[in-house]
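Trainee: no sequence on this one, just coordinates:
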């Protein structure tokens, strides 16, 4: 399996508000930057979209190391929260629906294709790729302000 590193970040001015996402994909010495945004969204939706858009670019099953500063993403994947939400008809518990079920559904389908190791990185703490993804996300969000 090819080994790919993916770095992602999402940004939102207001929550909800104009938002953007950015991602860097690295395979050997080759890097690709991608980004996008929406006029009215949330930070968590942008974090999810960054991961989804990056994974959608992979043309075959890969061994992926995913770096994110989103504890929402990291915990939901590594602790199995998202799979539990799906198994419970997109309910977090008996009273609370899970947020962003359509994005989680897409992400879980992609998650099952690849071997993904999820690594949480502290945001805005000087991690070079996280800082680059943040700049991509903020620039994308600014197009909607």
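Mentor: Yep, it's here. Given the structure is predicted, the values throughout are model-derived calculations rather than measurements. Residues are numbered from 1 along each chain as shown.
Trainee: Please tell me how far residue 58 sits from residue 116.
Mentor: Residue 58 sits at a distance of 11 Å from residue 116 (criterion: Cβ to Cβ, to the nearest Å). Heads up, the C-betas are built off the backbone N, CA and C, glycines and all.
Trainee: shared neighbours of the two, which are they?
Mentor: residue 64 (Cβ atoms under 8 Å, 6 or more residues apart in numbering).
Trainee: Now the residue nearest to the spatial centre of the chain, what are its backbone angles?
Mentor: Within the chain, one residue has its C-alpha closest to the average C-alpha position: by Cα atoms, centre = their mean, that is residue 51, at 3.0 Å. The phi and psi torsions at residue 51 (degrees, to the nearest 10) take the values phi -70, psi -50.
Trainee: That one reaches residue 10, doesn't it?
Mentor: No: the criterion here is Cβ atoms under 8 Å, and residue 51 misses it with residue 10 at 9.0 Å.
Trainee: since we're on the residue lying closest to the residue nearest to the centre of the chain once chain neighbours are set aside, how many residues are nearby?
Mentor: In space, residue 51 comes closest to residue 8 once its chain neighbours are excluded; the distance is 5.1 Å by Cβ to Cβ, 6 or more residues apart in numbering. Other residues near residue 8 come to 31 when the count uses other Cβ atoms under 10 Å.
Trainee: Contact partners for residue 8?
Mentor: 21-24, 47, 50-51, 54, 66-68, 70, 73, 133.
Trainee: Okay, strands next: where are they in this protein?
Mentor: With strands called from DSSP state E, the chain shows them at 2-12, 17-27, 30-41, 62-68, 115-120.
Trainee: and the ones you listed as TSV, adding distance to residue 90?
Mentor: Putting those into TSV (distance: least, Cβ to Cβ, whole Å) gives the following:
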stretch	distance to residue 90
strand 2-12	21
strand 17-27	22
strand 30-41	19
strand 62-68	21
strand 115-120	21
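Trainee: So the nearest residue to residue 57 once chain neighbours are set aside versus residue 137, what's the distance?
Mentor: Taking Cβ to Cβ, 6+ apart, and ignoring the residues beside it in sequence, residue 57 has residue 25 as its nearest neighbour in space, at 6.2 Å. According to Cβ to Cβ, residue 25 stands 15 Å off from residue 137.
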